[in-house]
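Asker: Predicted coordinates and the sequence they were generated for:
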Amino acid sequence: MLSTLKNMQDLRLFTTRLELVAATVELAQAEIGDLSAFAGLLNVPRPTSWPPPLNDEHSQRSFLASLQKAEPRATGWNLWFCIRRDQRELVGNAGFKGGPKDGFVEIGYSMLEAHQRNGYCTEAVRTLIAWAFQCRDVQSVIAHTLLGLVPSIRVMEKCEFLFVGEGPIEDGMRTVRYELPRARFQALASQRAGAVGES
């Protein structure tokens, strides 16, 4: 994972296939009001459909309000836009519901239907988890998903989250909670590094 930080308002993470761009107020405003300008700011073709599933104007406005209230050092603890690097295209979003609180951060994610089942979501979530654990205040990353939403649960399993139990009721629907503690993340990273060293 390679990250670049030109300034506190321009945070990007790069993976093998993706570029993750941390949302700014300018990007969030364009996402709501002018999809062509939004695509231009991200240097991608205008998406034929946006936003991804389980996102709507209400969630977009909520993220915008959060960004408008946030301090510059809070960059990255909000929404990230996921861009495929080869044949550059916007594929979805992922991100956090605010910075660390009592040692926890909550992550969420959604890919456009045309780009699902390609591993992009798992790749983005793994990258954001690693980024989050660079912050000493983060002791655990949590995620909630709808009960029975198998693709979302599969992403959490691939990212080594542990099933914890019932989550909060969201929009009248039951959710389940998964968690990835720092100790587990570090142990798994050490195992992977050891396996690479032995090969």
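Answerer: Perfect, I can see it now.

Asker: Contacts for the longest helix along the chain, please.
Answerer: Under DSSP state H, the helix in the chain containing the largest number of residues is helix 182-198. Contacts with helix 182-198, where a contact means C-beta atoms under 8 Å, 6 or more residues apart in numbering, come from Ile129, Phe133, Val138, Gln139, Ser140, Val141, Glu160, Leu162. From N, CA and C alone the C-beta is placed, and that goes for glycine too.

Asker: Can you report how many residues neighbour the nearest residue to the fifth one once chain neighbours are set aside?
Answerer: Read that as Ser140. Closest residue to Ser140 apart from its sequence neighbours, by C-beta to C-beta, 6 or more residues apart in numbering: Pro181 at 4.7 Å. Residues near Pro181, counting by other C-beta atoms under 10 Å, number 16.

Asker: Ok, the one 4 residues further on next?
Answerer: Using other C-beta under 10 Å, Phe185 is surrounded by 20 other residues.

Asker: Could you report the pLDDT at it?
Answerer: According to the prediction, Phe185 has pLDDT 97.

Asker: how close does it sit to Gln191?
Answerer: Phe185 is 11 Å from Gln191, where distance means C-beta to C-beta, to the nearest Å.

Asker: Could you do Glu26 as well?
Answerer: In terms of C-beta to C-beta, Glu26 sits 41 Å off from Gln191.

Asker: List phi and psi for Glu179.
Answerer: Reported as degrees, to the nearest 10, the phi and psi values for Glu179 are phi -150, psi 140.

Asker: Report the contact partners of it.
Answerer: If you count contacts by C-beta under 8 Å, 6+ apart, Glu179 has them with Ser140, Val141, Ile142, Ala143, Phe161, Leu162, Val164.

Asker: right, and the helix or strand after the helix or strand harbouring the fourth one?
Answerer: In other words, Ala143. Following DSSP states H and E, one finds Ala143 within strand 140-146. For strand 140-146, the following helix or strand on the C-terminal side (DSSP H and E) is helix 150-158.

Asker: ok, and for that following helix, which residues are buried?
Answerer: For helix 150-158, a neighbour-count test (16 or more other C-beta atoms under 10 Å) marks Ser152, Ile153, Val155, Met156 as buried.
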